Each structure stands twice: as C-alpha cells, then as structure tokens.
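> sharing a sequence plus its predicted fold:
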Amino acid sequence: MKNRRIMPNSKGAAPLDVVIAVMAFLAALALGASLIAQHAADSWSAGLSGKITVQILPASTGAARDGLAAETEAALAVLRGTPGIVRATPLTEAEQLKLVQPWLGAEALVAELPLPQLIDADIAPGSVLDMDALARHLKSAAPHAVLDDHSHWINRLRDLAQTLVWSAYGVLFLIAVATASIVAFATRAGLDAHNDMVSLLHQMGAQAGFIARVFEGHYFRAALTAAGAGAATAAAIFLAAGGLQSVGYEAVPFLPPLSVKPIELLWMLAVPAAASLIALVTARVSVLAALRQIH
Amino acid sequence: MVRFENVGMRYGAGPEVLRDVTFVLESGSFTFLTGLSGAGKTTLLKLISVAEPPSRGLITLFGHDLATAKRSTLPGLRRRIGVVFQDFRLLDHLSAFDNVALPLRIAGRKESEYARDVEELLVWVGLGDRMNAIPPTLSGGEQQRVAIARAVVAKPDLLVADEPTGNVDPEIGARLIRLFAELNRLGTTVLIATHDRALVESTRAREMRLVDGRLVELRMSRP
C-alpha cells in the first residue's frame, strides 16, 4: 500500500548496477582462479610428495634390453632394501607409453623408441630419506639409474601456484578499491541528484545518520543485487567448466582441472556480501562528509 | 520562544535582504508576517527554521543561542519546528501518507504508532481518499494540504508557514486557518507569512510587516 523507501530507486542507478555487476563478475573470476591455483598446488604436492621416481636410461649400444632389465632389478633391490621406502614398482611398457602419449601420440612407431624404464617408489609417511646417499647406492648398483625426488618441480609448481593465488588476491583488492571509488562517486552524484530530498530531510531535523542510512540502504541493496548477478554469472561459468571436464573435455591435459568444486562455489557468496558492505560503508562515509558541508 | 536581535542577512556578496530585524515571538503566540513580494518574508522564515545562518545579529530559539549552539543540537531544534514551504517540497515518489508521516519517521516513531494519526489528519484536510496518491497526481491545492499536514503532524512547538493558503479555495483556506488556530490553542506558536489581507483581517492575531528588509510592527494581537 505504501512506499517505504525514502530514496527512489530509479534516478541514475542503472549504470552503477552494471559497473558493480561487472566488477563482481571479475572478482568472482579472480576468486575462482585463486581456488583453482590452490587446488593445483595441493594436487601437485599430494601427487608428487612422498614419491620418488628412478629412471634407468637405456644404454646407447649393445644389448640394451638385457642391460636395462638387469639394472632395473638391481635398482629395485636397492630401493626395496632402503628403510622408509614402502613400495617400489617398475612401470609396465603400456603405462610408460601412456605417459608419453599426450606429447608423442599413440603411433606404433613410439613403441620402437628407446624409452627409459621408470620405477615408482612410495616413501612411508613421516620418513626422511637421505636422497644423496640413495642416489649413490643406486648409481653403484645400476650405473644408468637417475633418481628424481620431484622436489625441484614440487617447489617450483608450488611457488607458481602461490604466485597465482596472491595475484588473485591482489586483483580482488584492486577490484574492491575500484568498487569503493565508484560507489563514492555515485553517492556524490546521488547527493546532487537528490539534493532537494537531502535538504528537506535536513530541514525537518533528520540527523546525519538518518540521511546516511537512506543512502547507504539504497546503495547496499543496489550492490547486493548487481554483485549477486555478477557472481552468479561467474559461478555458472565455473559450473559449466566443471561439467565439461566431467564428460571428458580437458582444457589442458597435463594441468589439474580448471574448475571449482560445487561446494566451493559458496565462496562466490562472499563477493556480493563484500560488495554490498563496501557500498554501504563508502556511501555512509561519503554522505556524512557531504552533510558536514551543510549548515 | 524566538528572539531576533539586530539580525541581518545577505546572500553571498549581494545586498542585505534583512536589516536590523528585532522581534520576539512569545510562546503560544499567533503572528502574521506580511509584506510585499521580495520584502524578505521567506528569508526570515528560513532563519527562524534554522535553514540558514544569519549574516549578523543574534537569534535565540527555544532558549538556544544559534550562534553558539553545538551543531549536534540543531537537528533536535529543527524537529520542534513545523515548516510549510511555499513550494511545498513534497517527495514525488512517496504517497501522500508517507509524505505526511516523514517527520514522524525522522523522529524514530514506528508506523504502527502513527498510522492512525496520519490517516485522521489527512481526512481532516480533505484528503482521506487520496492517501495513496503521489504528489504529481495531486492538484496544487491538494499538494499544499499535504504539505500543511506534514508540518503539523508531529505537533511542533513552532509552526512557520509560507503562504499556506495561496493555492486553495476560500473554504479550504478557512479550514486550514482553523487547523492552525487549533494547534495554537494547544500550545503551538504559529507564524504565518502571507500577503492575503483578508486572511490577516479575519483574525485578531498580531501582524509584523516587512518593508525593504526592515521589520515594522503593525499590530499587536487584539484581545
């Protein structure tokens, strides 16, 4: 029956809504990117830490296959005799071909390539191995053995993922600053556009806080709605990406999935919550500053 | 209630529109402020309603010297004053009901407390069937009555009205003056700016006349 809102909704609000929706969309993408980067770091760490790989390089001449098999057995013996190693298994030929398939394809010719023999070994949780000593033992038992404990790659990938995560946080911060600036500008414009209303409320004895609440409520609702739409769009994109991967489409075969778990999409709710809070505080500060200029 | 001592007012570097204005409005008084267009009536009402600070002189309102009063006390003083603006200053997107209720919302009262009072007042000013209409759909006279209802709804200690009967027919004008008189009888101090001589002559109220920004006391209230 009655209009409860003192400030009308229509005056010049649409452009602000669009800008906040776009900002929220970008913020949600950045947030999703940080989650994906964190997944990548966790995935790489979980997949590679606690594991070592031994390569037995094929001899360039002679009875390569026999030598490779003998060195593999010798290396396996060393690994299985090392305290802290709970499992050591050579990869089958099929498994090795599958590993090179993304780069070299599945042509028959690939099978003819002199591939090294790989041995996967698991380290017992909590065990610390002396990798240098193990490498020496392996070298003495199998001269063509090369030990890879993945620490170099794990550290580099972890650093890369952390850089991506912090970059995403930086983008989020910049978007928050930009959103606050836009709302401050819009609030000033709103004060000008609604100058008659502000001066009337002021004249009727409204406290500065009352007038500020009129504006902050308006911009809070506008930001909540617009940012909700922007974040929902981003969430839909992440869901679609997840759906594509679940049916077998891989964006980049050797990277972790570029999607966010459905439960993690709840983090997207933080975007409209933060945007509306930023809008509320910015509008309040802007209005109170402007009202101090009035008699 | 209201005391002006040697008050002067100029806008920017312009000429003084009020000069050495001195008067007192006693509590519970009913006063007309008359004068030609441009004599300074609206400016004087702005000073009384704490809408503008004077360029010079001393204004005392409800016992507060406005020159030294803390800024935080001004909203409270303004809430004790009902103002009928010459141009009504209604909020176009709010219904007549919500426009009238605005001072009560500002005072922090709940709708459940004031809804009945607002509706009764709107009925009294002849707008019982226009409560949900927004100002652009109301005639000038109807808008004026909404503005008057808004000024009196909080039962202010001081009511200042700028040409409150300018857009209404004589019958409604007389009804509105009776409303002001009733408020005055209940203790509200009333100051009405008008150039309607018939209106002034129809009452026994005190008349102050502004001539070229100077105040001339024409008539004390008659018994």
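Thanks, I have it.
> tell me where chain B has strands.
Taking DSSP state E as the test, the strands found in chain B are B:2-10, B:16-25, B:30-35, B:56-61, B:64-65, B:81-84, B:158-162, B:189-193, B:206-211, B:214-219.
> including distance to residue B:45, mean pLDDT and mean neighbour count, could those go into a markdown table?
Every C-beta, even on glycine, is put in place using the N, C-alpha and C of the backbone. Written out in a markdown table, the entries for those read as follows (distance: least, Cβ to Cβ, whole Å; pLDDT from 0 to 100; neighbours: other Cβ atoms under 10 Å in any protein chain shown):
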| stretch | distance to residue B:45 | mean pLDDT | mean neighbour count |
| --- | --- | --- | --- |
| strand B:2-10 | 11 | 95 | 18 |
| strand B:16-25 | 11 | 94 | 18 |
| strand B:30-35 | 7 | 94 | 23 |
| strand B:56-61 | 12 | 96 | 18 |
| strand B:64-65 | 18 | 95 | 14 |
| strand B:81-84 | 7 | 94 | 26 |
| strand B:158-162 | 5 | 94 | 24 |
| strand B:189-193 | 6 | 94 | 24 |
| strand B:206-211 | 11 | 93 | 19 |
| strand B:214-219 | 13 | 83 | 15 |
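> closest to chain A out of the ones you listed?
strand B:81-84 (6.5 Å; Cβ to the nearest Cβ).
> let me see the contact set for the spatially most central residue of chain B.
For chain B, the residue nearest the mean C-alpha position is residue B:160 (2.0 Å; Cα atoms, centre = their mean). Taking Cβ atoms under 8 Å, 6 or more residues apart in numbering or on different chains, we find residue B:160 in contact with B:45, B:48, B:49, B:81, B:82, B:83, B:84, B:191, B:192, B:193.
> who's the fifth one bridged to?
Residues found in beta-bridge contact with residue B:82 (criterion: DSSP bridges) are residue B:159.
> so it sits against residue B:147, correct?
No: counting by Cβ atoms under 8 Å, residue B:82 stays clear of residue B:147, with 10.1 Å between them.
> quick one: buried residues of the host helix or strand of residue A:98?
Residue A:98 is located in helix A:93-104, with elements delineated by DSSP states H and E. For helix A:93-104, the neighbour count (16 or more other Cβ atoms under 10 Å in any protein chain shown) marks A:96, A:97 as buried.
> ok, stretch A:155-166 next?
A:157, A:158, A:161, A:164, A:165.
> let's see which of those end up in helices.
Using DSSP state H, A:157, A:158, A:161, A:164, A:165 are the members of the buried residues of stretch A:155-166 that sit in helices.
> closest to chain B out of these?
residue A:165 (46.4 Å).
> in three-state terms, how would the residue in chain A that chain B sits nearest to be classified?
Nearest residue of chain A to chain B: residue A:205, at 3.2 Å (Cβ to the nearest Cβ). Judged by DSSP: H, G, I helix; E, B strand; the rest coil, the three-state class of residue A:205 is coil.
> my guess is it meets residue B:83, correct?
No: Residue A:205 is not in contact with residue B:83 according to Cβ under 8 Å; the separation is 10.0 Å.
> sorry, back to before: measure the residue nearest to the centre of chain B to residue B:188 for me?
Counting by Cβ to Cβ, to the nearest Å, the gap from residue B:160 to residue B:188 is 11 Å.
> ok, now residue B:8?
28 Å.
> returning to that earlier point: now render the contacts of residue B:160 as JSON lines, adding distance to residue A:42.
Compiled in JSON lines, the contacts of residue B:160 are given as follows (distance: Cβ to Cβ, whole Å):
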{"residue": "B:45", "distance to residue A:42": "71"}
{"residue": "B:48", "distance to residue A:42": "71"}
{"residue": "B:49", "distance to residue A:42": "66"}
{"residue": "B:81", "distance to residue A:42": "66"}
{"residue": "B:82", "distance to residue A:42": "67"}
{"residue": "B:83", "distance to residue A:42": "66"}
{"residue": "B:84", "distance to residue A:42": "70"}
{"residue": "B:191", "distance to residue A:42": "75"}
{"residue": "B:192", "distance to residue A:42": "77"}
{"residue": "B:193", "distance to residue A:42": "76"}
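> which one of those residues is nearest to residue B:118?
If you rank the contacts of residue B:160 by distance to residue B:118 using Cβ to Cβ, residue B:82 comes first, at 14.1 Å.
> how near is that closest one to residue A:123?
Applying Cβ to Cβ, the value for residue B:82 to residue A:123 is 84 Å.
> likewise for residue A:14?
For residue A:14 relative to residue A:123 (Cβ to Cβ), the value is 60 Å.
> between these two, which is the more surrounded one?
Counted by other Cβ atoms under 10 Å in any protein chain shown, residue A:14 and residue A:123 do not tie: residue A:123 has more neighbours, with 18 against 11.
> go ahead and confirm that one touches residue A:82.
No: in this structure, residue A:123 is not within contact of residue A:82 by Cβ under 8 Å, at 9.3 Å.
> tell me which parts of chain B are close to chain A?
Residues of chain B lying close to chain A (Cβ under 8 Å from any Cβ of the partner chain) are B:49-53, B:75-81, B:83, B:89, B:91, B:93-95, B:97-98, B:102-103, B:105-107, B:132, B:134.
> good, we can wrap up now.
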